[in-house]
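Chemist: Got a predicted model here, sequence first, then my questions.
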Amino acid sequence: MDPRRSARTVSDPKVRQVGFFTQPPPPDRSISDPPRHHDPIQSSSPSSPPVNDHSPSGNSLSPVMIPPPRHHSDTLLRTALQATSPTTSFPYSARTVTVPQENDDVSSFSPGRRVVSGKSPSSFPGVKASSVPASELTTVSVVNLPPGISEKSGGAAVEVQNDQLARSKPLKEKTSKAERRALQEAQRAAKAAAKAEGSKAPAAASKVGPSANTKPSKAAKPPSQKNDGSQVAPSEKKGGDRAPEKDRKKDAPHPRMQYDDASRVEKAKKRAVVKQTEARNRVELFRHLPQYEHGTQLPDLETKFFELNPMHPAVYKVGLQYLSGDICGGNARCIAMLQAFKEAIKDYLTPPEKTLIRDLTARISSYVSFLIECRPLSISMGNAIKFLKSQIAKLPLSLSESEAKASLMLDIDRFINEKIILADKVIVKHAVTKIRDGDVLLTYGASSAVEMILLHAHELGKQFRVVVVDSRPKLEGQLLLRRLVRKGLSCTYTHVNAVSCIMHEVTRVFLGASSVLSNGTVYSRVGTACVAMVAHALHVPVLVCCEAYKFHERVQLDSICSNELGNPDAISKVSGREEISYLDGLVNSDNLQLLNLIYDATPSDYVSMVITDYGMVPPTSVPVIVREYRREHLWS
Amino acid sequence: MAGLNLSAVSDDEDDADRDDRPVLSAAAVAAASRSTLRPPSLQTLLEDVPDSAAVPHTSSSGGDSEGKSKSADKSSRSRKLKHDVIEAVNELIQDINTCHEQIAEQAVEHIHQNEVILTLGSSRTVLEFLCAAKEKKRSFRVFVAEGAPRYQGHLLAKELVARGLQTTLITDSAVFAMISRVNMVIVGAHAVMANGGVIAPVGLNMVALAAQKHAVPFVVLAGSHKLCPLYPHNPEVLLNELRSPSELLDFGEFSDCMDFGSGNGAPLLHVVNPTFDYVPPKLVSLFITDTGGHNPSYMYRLIADYYSADDLVVQRRPTSGN
């Protein structure tokens, strides 16, 4: 009797599975009861071919876990996945070796929808592989994860977790109530332990692979899986080298246990190109973010310039530019990175006995982890990398190497052109309609989009004044000020402290953004929230200009959960005013901490309108754009 | 404002005296108006007490000896007046010196354990307040916003660290980001207006708005000598001081932007560097003065304790000639 047929007819009331568990256990286990199916939409189980009997290592197929049932295409995809999953079972098992490498970078930078790339793309020829709902990973053992974070487990983590799930599923059915309760207790304890460890690097996901082999015990598997789930979950855009911190922290009150496995730590350190030394005097609130001593990395990296293997020189150069702060700003960083990747792809040669797709993806991932070590990725960069990897994954196998490389380089050019350059033009076109004669416009910091808007409006002959608000420690507004005054705009310059004095004269506020998140929160340079708040208090409209490729599915309520910490010495030293040196000699005191935040989160109720290349929308429409438009246009 | 200080001295007993003495002579008024940049000194006002033939003295030098040359009864009265006034001034100086202790005594009532406190810039009152709480073994941490462009926050952070408090120095732009984790905002004031509004170092209005949004109490520490009987009309302009742009922009770097020879000659670049900010009374949760804690709506009553109704506005009464 077909095991899956019995799943439909026999329902064991004691065992309830949430989500899709598509396949029965591997043949080496003597289980006869397959997992249950709860989803009424799922109707293709009879059509799934009995393939698991053939899978060598007993890996199961990809379980599709509660996908968003909103699109017809989703159900199509699911059924297609089911139908094509047999062919992927082999690549699964064959690729467990390379999985750890991928996992680091995948979940490190790609919070959100991770295309199941790297698999044999031939299995998804006509299917929108981009809308793989596998990212919505809600398994039984991981249900405690808040839904907003569950998507962060990368697709690669999905692959490996599949093994775990397959094995844990039959385990669950065999256990009695008492055993299940014991299991749950163990899971809760493991989850609490995982939480105590703080944020996890993507290497945690890679831990899944070896840990699956090293912990064969029944009780250990679900806890370890959940461990990884909750460990992978908080890693937003985390670097792959969290390990050095653990060793360098000397007298920390609560030593952060990043990894249980000391070998994992060593592995990450060996892989790290940039030697990071952890900062002394970390601020307690920000222990989940990396905080390194600045100033030590750049000279170190510069000396290593000629020992580049396997790093490509263009990527290395871009990394150094990030580290030194020469390239700053979401669009600039993204474009520089993509062009470095273009160079790298141009020079890429497939090693013998490897496929281009998988090897190139692995190579790109290693570049990305290097860039993260130089400076944590911005959200725009993360989305661009996601795009690139999906394009690589969608290359047909029949292409020759040079054709594939040319196609990829074309894709990168297309991305830069459409998503950044043309998008900026559209934004400028929309925004200048909001500027009238006699306006006093306020802007904060130096946003490329806002600068283009102001210059274009000035070219059109509109009469307006600009107030440039600036803040420490970056003082980016001075650069914008200089460029505007050169072009002949009349400008007022002030510090962010004076914004409530100056806001009385202002008619509109234009702000740039590093990203707009799905709850409407604007994630942008620190101080934007203050400006937006004061504008809101004085009833001045706030317009945020942001390209749509920077939008993101994640949500954030405050500026502390996810941020970037800059160089603390920039706070104690004031550039240009050497007389302000009160804190000299105190920097090493235990009682003093210097906090240099880079970003902050502006609540959506302070924002009147978001101007994107899809039009002028309220901040509440951002998740709509992310879901409806990006999926079709970007990832397909 | 200095003129106000003078009238602040007038206690009730001095009031009676002042009413008795003849009004200022026209000459004295002229002398005073000649020195408009310098407010009339106490001596000047007092010298014109006896009679209209008084020689105007614009400075206090030599006024003493002249005063003694007047007739005996007038001189004794003027001496008593001078004595009273000088005593009141000394009391005022004493008040100012001791207000820190009296305010700091109330620290224990407001700071409990494991608190996080935010402040901006530097105020001696706040420093004493926090140290008093620390001495009573309350454990708390302090976020200090640096308070550009004077960067007084660096000084305060240095002081706090020296006294053993856990201090984190942040930039002013990070105030909104951090305020959700703060339990209380404690700041000093430059002046407290009659409606309960506060003239405070620049940046505090932003902090007060953020505190209101996150329901964090905004506590202002002010000695009672900071009370002002004026009502703030357009305080951002009228009660403000603009400082040099060089604190914000380096003139050397921006000399090419300061080219006044462009087009109609109007400068393209203005730099606004205000010193003070106005915090409206609805954003202030509590005033802690040396007489205790008060609501902003109560502050006008305290003014009556320190200012006589006649002296709320400094005026010259018309001289009636003697």
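Modeler: Great, that's in hand. Numbering: from 1, shown residues only, chains lettered A, B, ... in the order given.

Chemist: show me where the stretch 1-150 of chain B has helices.
Modeler: For the stretch 1-150 of chain B, the helices defined by DSSP state H, counting those that start in this stretch occupy B:2-8, B:12-20, B:26-34, B:42-47, B:63-68, B:72-105, B:107-110, B:124-135.

Chemist: on contacts alone, who are the packing partners of the shortest one?
Modeler: Read it as helix B:107-110. Here helix B:107-110 touches helix B:124-135, going by 3 or more CB pairs under 8 Å, 6 or more residues apart in numbering or on different chains; DSSP states H and E. Any C-beta I mention is one placed from the backbone N, CA and C, and that applies to glycine too.

Chemist: can you list the residues that contact the helix it packs on?
Modeler: With contacts defined as CB atoms under 8 Å, 6 or more residues apart in numbering or on different chains, helix B:124-135 is touched by B:99-101, B:103-105, B:107-108, B:110-111, B:117, B:119, B:140, B:142, B:156, B:159-160, B:163-165, B:186-188, B:221-223, B:288.

Chemist: Buried ones among those residues?
Modeler: For the contacts of helix B:124-135, a burial check counting by 16 or more other CB atoms under 10 Å in any protein chain shown picks out B:99-100, B:103-104, B:107, B:110-111, B:117, B:119, B:140, B:142, B:156, B:159-160, B:165, B:186-188, B:221-223, B:288.

Chemist: How about the contacts made by the closest residue to A:Ile379 other than its chain neighbours?
Modeler: The shortest distance from A:Ile379 to any non-neighbouring residue, by CB to CB, 6 or more residues apart in numbering or on different chains, is to A:Ser515 (3.8 Å). Neighbouring residues of A:Ser515 by CB under 8 Å, 6+ apart: A:330, A:378-380, A:522-524, A:546, A:550-552.

Chemist: Of the residues you listed, which belong to strands?
Modeler: A:522-524 (DSSP state E).

Chemist: which among these gets closest to A:Ala189?
Modeler: A:Tyr523 (34.5 Å; CB to CB).

Chemist: The residue nearest to B:Phe176 when sequence neighbours are not counted: how many residues sit nearby?
Modeler: Nearest non-adjacent residue to B:Phe176, counting by CB to CB, 6+ apart: A:Ala529, 4.0 Å away. Counted with other CB atoms under 10 Å in any protein chain shown, residues neighbouring A:Ala529 total 31.

Chemist: dump the residue contacts of A:Ala529.
Modeler: Per CB under 8 Å, 6+ apart, neighbours of A:Ala529: A:559, A:600-603, A:606, B:176-177.

Chemist: for it, phi and psi?
Modeler: A:Ala529 adopts backbone torsions of phi -60, psi -40, taken as degrees, to the nearest 10.

Chemist: Which pLDDT value goes with it?
Modeler: Looking at A:Ala529, its pLDDT reads 96.

Chemist: which residues does the residue nearest to A:Ile379 bridge with?
Modeler: A:Tyr523 (DSSP bridges).

Chemist: among the contacts of A:Ala529, who's most crowded?
Modeler: B:Phe176 (31 neighbours).

Chemist: what kind of secondary structure is it in?
Modeler: Judged by DSSP: H, G, I helix; E, B strand; the rest coil, the three-state class of B:Phe176 is helix.

Chemist: Need the contact partners of stretch A:557-569.
Modeler: Outside stretch A:557-569, the residues touching it (CB under 8 Å, 6+ apart) are A:236-237, A:279, A:281, A:285-286, A:288-291, A:294-295, A:375-376, A:473, A:519, A:521, A:526, A:529, A:556, A:587, A:593-601, B:176-178, B:180-181.

Chemist: where does the chain dip in pLDDT?
Modeler: I went with chain A, as the question did not name one. A:1-176, A:192-281, A:292-298, A:303-309, A:587, A:630-636 (pLDDT under 70).

Chemist: wait, I meant chain B there
Modeler: Using pLDDT under 70, chain B drops low at B:1-71, B:258-266, B:312-322.

Chemist: Got the domain ranges for the chain?
Modeler: You didn't say which chain, so I picked chain A. Following the TED database, chain A resolves into domains at A:271-278+A:292-420, A:434-575+A:584-634.

Chemist: Chain B is the one I meant
Modeler: B:27-99, B:102-243+B:272-311 (automatic domain parsing).

Chemist: If we ignore the residues flanking it in sequence, what's nearest the closest residue to chain A within the stretch 201-322 of chain B?
Modeler: Among the residues of the stretch 201-322 of chain B, B:Gly203 lies nearest to chain A; the distance is 3.3 Å by CB to the nearest CB. Leaving out its chain neighbours, the residue that sits closest to B:Gly203 by CB to CB, 6+ apart is A:Asn497, at 3.3 Å.

Chemist: Then B:Pro217?
Modeler: In space, and not counting its chain neighbours, B:Pro217 is closest to B:Ser285: 4.1 Å by CB to CB, 6+ apart.

Chemist: can I assume that neighbour is in contact with B:Phe218?
Modeler: Yes - with contacts counted by CB atoms under 8 Å, B:Ser285 reaches B:Phe218, the gap being 5.0 Å.

Chemist: Neighbour count for the two, which is higher?
Modeler: B:Phe218 (22 against 19).

Chemist: what's near enough to touch the more buried one?
Modeler: By CB under 8 Å, 6+ apart, the neighbours of B:Phe218 are B:185, B:187, B:207-208, B:211-212, B:279, B:283-286.

Chemist: switch the cut-off to 10 Å
Modeler: B:118, B:184-187, B:198, B:204, B:207-212, B:279, B:283-286 (CB atoms under 10 Å, 6 or more residues apart in numbering or on different chains).

Chemist: Same question for B:Gly121.
Modeler: A:497, B:144-148, B:150-156, B:172, B:187-188, B:200-204, B:207.

Chemist: Tell me which entries of these lie within helices.
Modeler: B:152-156, B:204, B:207 (DSSP state H).

Chemist: Which of these sits closest to A:Ile625?
Modeler: Closest to A:Ile625, out of all of the ones in helices among the contacts of B:Gly121 and judged by CB to CB, is B:Val207, at 34.4 Å.
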